[in-house]
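generate a structure from the sequence data that follows.
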Amino acid sequence: MSAINDLFGSEDVEYIEHKHRGGSSGANGTHYEDVFLAIKVAEAAANIVDGVSTEWPCITGQYRCYVDDVRISLSTKTEYFQLKNHATIPGWTSGKHPIANDFYKQYCLSMKLEEPNPTTVLVVPEEAFLTTLERNMPGHIVDFSSVCHFPSFDSPDLYVWEVDWIQDTLRKLATDENATPDQLFGLLAALLIACQSRHHGGSAGDIVEHVARMHPSQIRVIPDQQDWKLLLRPDFQKILAQIPDLDYRIERGFFQWSGLGMSQTFVFNCLSKEFNLFQEAVESRRPTTFEEFEEMLP
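Presented below is the predicted three-dimensional model:
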């Protein structure tokens, strides 16, 4: 707050404190912001999976600043997002605290704090808003500001069912590369819970690890840099090879089996003690039929 006071005075300090209290008290009812934050975590994880990035960003909701809905920071850039889930086009210069003023002051504050490459983004629920907002953007914020579209739905599951790019992003993180929309919504729900449990923010990697601990069957191992078959014990493989109708593979860090028209993924990943105990149990009981093997699955 001292940097804000130095730049813009005590009235702005009071404004930020009031804005933060209002945002925090209303956070439980703003699922538009919640879903946006969860998807940003998913995008960060997908970037790690795709090799686009090796750095997990710090992602924070309701950050104490002028542009406060979501802050994403990396060593090379700092992004601030203001979400306006309105049915009408928001105005840049309207109101007691115009969006353009908040964007300008956020940029000035970020520069004073020496944050790397700060930018401000206005997020709106209608693509039709973009052209008007971009055309009317005040000149003093153009160099560091932009507008983006993020859809709004009454029910969180519709973000998966209705938006292809969200499906594609989540599918990169699922334990099954052919995950159904229902499975993808389970992953989104797990990300939402993890984000809400860390409402003060933190590393996107920590949020993903939280999902892996609390909902182990929902998310793949990230990063995926191993030859997973090396984790299969030799005797375990020999026993499975002799069971008729059984096929298996390790995908995204999870043991998956199929046979007799059925398929399943082991609940815990191949690095877990649970999977190692399962291998030991198979070696001990030595099943010879598909039915005997299936009985051993958790």
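
all strands for the stretch 151-298 of the chain, in order.
202-203, 247-251, 254-259, 262-265 (DSSP state E, counting those that start in this stretch).

could these be laid out in JSON lines, adding mean pLDDT, mean neighbour count and distance to Pro298?
C-beta here means a position set from N, CA and C on the backbone, and glycine is covered the same way. Listed next are those as JSON lines, based on pLDDT from 0 to 100; neighbours: other C-beta atoms under 10 Å; distance: least, C-beta to C-beta, whole Å:
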{"stretch": "strand 202-203", "mean pLDDT": "91", "mean neighbour count": "16", "distance to Pro298": "31"}
{"stretch": "strand 247-251", "mean pLDDT": "93", "mean neighbour count": "15", "distance to Pro298": "15"}
{"stretch": "strand 254-259", "mean pLDDT": "92", "mean neighbour count": "19", "distance to Pro298": "11"}
{"stretch": "strand 262-265", "mean pLDDT": "88", "mean neighbour count": "13", "distance to Pro298": "10"}
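
same list, those strands, but as a markdown table with distance to His210 please.
Supplementary listing: the strands of the stretch 151-298 of the chain in a markdown table, determined by distance: least, C-beta to C-beta, whole Å:
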| stretch | distance to His210 |
| --- | --- |
| strand 202-203 | 9 |
| strand 247-251 | 22 |
| strand 254-259 | 18 |
| strand 262-265 | 20 |
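
quick one: closest of these to Pro57.
strand 202-203 (7.5 Å; C-beta to C-beta).

please name whichever of the strands of the stretch 151-298 of the chain is nearest to Val49.
strand 247-251 (12.9 Å).

relative to that closest one, what are the paired strands and their orientations?
Strand pairing for strand 247-251, determined by DSSP bridges: strand 254-259 (antiparallel).

all helices for the stretch 101-250 of the chain, in order.
Per DSSP state H, counting those that start in this stretch, the stretch 101-250 of the chain carries helices over the ranges 128-135, 157-162, 164-171, 181-197, 204-214, 234-241.

distance to Asn47, mean neighbour count and mean pLDDT added to these, as JSON lines?
Shown next, in JSON lines, are those (distance: least, C-beta to C-beta, whole Å; neighbours: other C-beta atoms under 10 Å; pLDDT from 0 to 100):
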{"stretch": "helix 128-135", "distance to Asn47": "24", "mean neighbour count": "13", "mean pLDDT": "95"}
{"stretch": "helix 157-162", "distance to Asn47": "19", "mean neighbour count": "17", "mean pLDDT": "96"}
{"stretch": "helix 164-171", "distance to Asn47": "10", "mean neighbour count": "17", "mean pLDDT": "97"}
{"stretch": "helix 181-197", "distance to Asn47": "15", "mean neighbour count": "19", "mean pLDDT": "94"}
{"stretch": "helix 204-214", "distance to Asn47": "9", "mean neighbour count": "19", "mean pLDDT": "94"}
{"stretch": "helix 234-241", "distance to Asn47": "34", "mean neighbour count": "14", "mean pLDDT": "96"}
